[in-house]
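Student: Predicted model, plus sequence, below.
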Amino acid sequence: MKHVVILTGAGISAESGLKTFRDSDGLWEGYNIEDVATPEAWHRNPVLVQQFYNERRKSVLEAQPNAAHLALAKLEEKYRVTIITQNIDDLHERAGSTEVVHLHGVITKSQSSKNPNLTYPISGWEIGMDEKCELGSPLRPHVVWFGEDVPMIGNAMNICRKAHIFMLIGSSLAVYPAAGLVGYARPEIPKYIIDPKIPTVYNLTGVVKIEEKATVGVPKLIDELLNA
């Protein structure tokens, strides 16, 4: 069975009503990223950071998978599919995808503020400031902040190396190290980039560019692959 590896970014979730991580003004939902998405922000004002992610989590739980998410799940009828996502929402899983690697964590879980390997499910959409992990430290969102290591990046590199088909969907390739993953796809395999604004990718061969939003371009491509 051929292995399709797909790297998804904020563009695929934007069509479900979730704001992209970094808008053109450098803000995320009206907040400076430095105030809500760094370890320093957590140490400086944990209440603000917790409140910010509680609100984002509520938005994620209210959002629904769109046609692009559903099409990627359908691809599993004929292929082994691994989705590597930069997104912190769980829309791929809710659409039915079974193999999803979250590079930057997933907002529907909490983690220990002392040991990031200690993660917990969240009932509802809020983490309270009084909630603690088994080590006694406060729970924080299970999200990789700027300045923190990306623990899944090595695994993601290995997955990209083994792909028979590679796709990039809804990513501007602005955030590293995730943006570097495209370079691990082997030169000889087919590669597809789907985005209304195709990002510049250097030294990448065999690329088919589909200049469409995800809900239009992805279902078309998936139909082609399923009928090939």
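Tutor: In hand now; what should we look at?

Student: any low-confidence regions in this structure?
Tutor: Within the chain, the segments meeting pLDDT under 70 span 20-27.

Student: all strands for it, in order.
Tutor: 3-8, 27-28, 31-32, 80-85, 100-102, 105-112, 119-121, 139-143, 165-169, 191-194, 207-210 (DSSP state E).

Student: ok now the longest one, how far from the chain's centre?
Tutor: Between the mean C-alpha point of strand 105-112 and the mean C-alpha point of its chain there is a distance of 13 Å (CA atoms, centre = their mean, to the nearest Å).

Student: quick one: furthest residue from the center of the chain?
Tutor: Largest separation from the mean C-alpha position in the chain: Gly136, at 29.4 Å (CA atoms, centre = their mean).

Student: Look up how far Val143 lies from that one.
Tutor: In this view, Gly136 and Val143 are 21 Å apart by CB to CB, to the nearest Å. For the C-beta atoms, the positions are set from N, CA and C on the backbone; glycine is no exception.

Student: And Ala37, by the same measure?
Tutor: 8 Å.

Student: Please apply the same query to Ala178.
Tutor: 14 Å.

Student: Look at Ala37 and Val143 and report which has more neighbours.
Tutor: The residue with more neighbours, out of Ala37 and Val143, is Ala37; 24 against 20, by other CB atoms under 10 Å.

Student: hang on, isn't that one packed against Trp145?
Tutor: Yes. Ala37 is within contact range of Trp145, at 5.1 Å (criterion: CB atoms under 8 Å).

Student: What sits closest to Leu168 if chain neighbours are left out?
Tutor: Ile193 (4.7 Å; CB to CB, 6 or more residues apart in numbering).

Student: Just list the residues touching Tyr53, thanks.
Tutor: 36, 107, 127, 141, 143 (CB atoms under 8 Å, 6 or more residues apart in numbering).

Student: and the fourth one, how many residues sit next to it?
Tutor: The one in question is Pro141. Count around Pro141 with other CB under 10 Å applied: 26.

Student: Is it bridged to anything, and to what?
Tutor: Assessed by DSSP bridges, Pro141 has beta-bridge partners Ser110.

Student: which residues touch it?
Tutor: Taking CB under 8 Å, 6+ apart as the test, what Pro141 contacts is 49-50, 53, 57, 105, 107, 110-111, 127.

Student: all helices of this protein, in order?
Tutor: 10-14, 33-36, 39-44, 46-62, 67-74, 91-95, 153-161, 214-226 (DSSP state H).

Student: and Ser172, which of those is closest to it?
Tutor: helix 10-14 (7.7 Å; CB to CB).

Student: Who are the packing partners of that closest one?
Tutor: Packing partners of helix 10-14 (3 or more CB pairs under 8 Å, 6 or more residues apart in numbering; DSSP states H and E): helix 214-226.

Student: and the helix it packs on, how far out from the chain's middle?
Tutor: Centroid separation for helix 214-226 versus its chain: 19 Å, with CA atoms, centre = their mean.

Student: Stretch 49-64 too?
Tutor: 15 Å.

Student: List the buried residues in that stretch.
Tutor: Under the neighbour-count criterion of 16 or more other CB atoms under 10 Å, stretch 49-64 has 49-50, 52-54, 56-57, 59-60, 63 buried.

Student: same question, stretch 141-151
Tutor: 141-145, 150.

Student: Could you let me know which of those residues ends up closest to Glu224?
Tutor: Val150 (32.2 Å).

Student: Alright, that wraps it up for me.
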